[in-house]
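Q: structure here, sequence nowhere to be found:
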């Protein structure tokens, strides 16, 4: 995780809130990226009504990969309501 996030106002407030309640901070690195098989397992486990691809160059492929869920593609800065 980029540690710059920890310097942002709301994050600072959140970390201070947790610390004041006795929780400790632990830094762990994760990639934040999952392969297709992992994403399939997640969708199968959660069974969402909608799936919105984010942070991907392959958003168009989601409809072919995830045939059992409604895939919603959203443009940058587009606001949508998902129920």
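A: Great, that's in hand. These figures come from a predicted structure and were not determined experimentally.

Q: from the chain's centre, how far out does stretch 47-61 sit?
A: Per C-alpha atoms, centre = their mean, to the nearest Å, the displacement of stretch 47-61 from the mean C-alpha position of its chain is 11 Å.

Q: end to end, how far does that stretch reach?
A: Using C-alpha to C-alpha, to the nearest Å, the end-to-end distance of stretch 47-61 comes to 19 Å.

Q: what does the helix or strand harbouring residue 41 contact?
A: Using DSSP states H and E, residue 41 falls within helix 36-46. With contact meaning C-beta atoms under 8 Å, 6 or more residues apart in numbering, helix 36-46 is reached by 34, 51, 65-66, 68-69. For glycine as for every other residue, the C-beta is placed from the backbone atoms N, C-alpha and C.

Q: residues in contact with the closest residue to residue 18 other than its chain neighbours?
A: Excluding its sequence neighbours, the residue lying closest to residue 18 (C-beta to C-beta, 6 or more residues apart in numbering) is residue 25, at 7.6 Å. Applying C-beta under 8 Å, 6+ apart to residue 25 gives the contacts 15, 18-19.

Q: how about residue 25, secondary structure?
A: coil (DSSP: H, G, I helix; E, B strand; the rest coil).

Q: could you list the domains of this structure?
A: Annotated domains of the chain cover 1-30, 33-75 [automatic domain parsing].

Q: who wins for proximity to residue 81 among those?
A: Proximity to residue 81 (C-beta to C-beta) singles out domain 33-75 among the domains of the chain, at 10.4 Å.

Q: first-to-last residue distance for that closest one?
A: In domain 33-75, first residue to last residue: 20 Å (C-alpha to C-alpha).
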